[in-house]
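>>> next one to model:
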Amino acid sequence: MSEMTTRFREGAVTFLTLFTSTGTLVCCALPIMLVTLGLGAAMAGLTSTFPWMVTLSQHKIWVFAGSGLLLVFSVWMVFRPDRACPADPKLAKLCGSMDQWNRRVLFISVAIWGIGFFAAYLSLPLLKLFESF
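Got it, this is the predicted structure:
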């Protein structure tokens, strides 16, 4: 398998990770944000228009587990030690550019997943903790 094919697969996995981590925002962070801002009617309209959002929210453990596993796999693919760019200057430049974009997308994916995780699992317990003071 050629080096560029491997790089293309890494990019594909990275963008798939971005897509799945965005699912954590749709299932968990978006509804919490809308209701917190007093836009419960907007949330009701969204769930009636997009009923799959309810299914995602009901299975948020699987959504987070699947996207988390993809994130771990993407981190391994992007930062594994045996990666090297080709010696050809033109391909090396393209390889470096792809590496840079893969890292950017990966960091965005991790940030999105973290925001979704905070909204789904940490925001309510922290709110209850601060209310008790």
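
>>> residue contacts, residue 38?
Counting by C-beta atoms under 8 Å, 6 or more residues apart in numbering, residue 38 makes contact with nothing. In this view, the C-beta of every residue, glycine as well, is placed from N, C-alpha and C.

>>> now do the helices in the protein.
Remark: helices assigned in the chain by DSSP state H are 3-24, 30-36, 40-49, 52-58, 60-79, 89-117, 123-131.

>>> and residue 21, how many residues sit next to it?
27 (other C-beta atoms under 10 Å).

>>> neighbours of the residue nearest to residue 70 when sequence neighbours are not counted, how many?
Closest residue to residue 70 apart from its sequence neighbours, by C-beta to C-beta, 6 or more residues apart in numbering: residue 17 at 4.6 Å. When neighbours are counted by other C-beta under 10 Å, residue 17 registers 29.

>>> mind listing what the residue nearest the centre of the chain touches?
The centroid of the chain falls nearest to residue 21 when counting by C-alpha atoms, centre = their mean (2.2 Å). Taking C-beta under 8 Å, 6+ apart, we find residue 21 in contact with 67, 70-71, 109-110, 112-113, 116.
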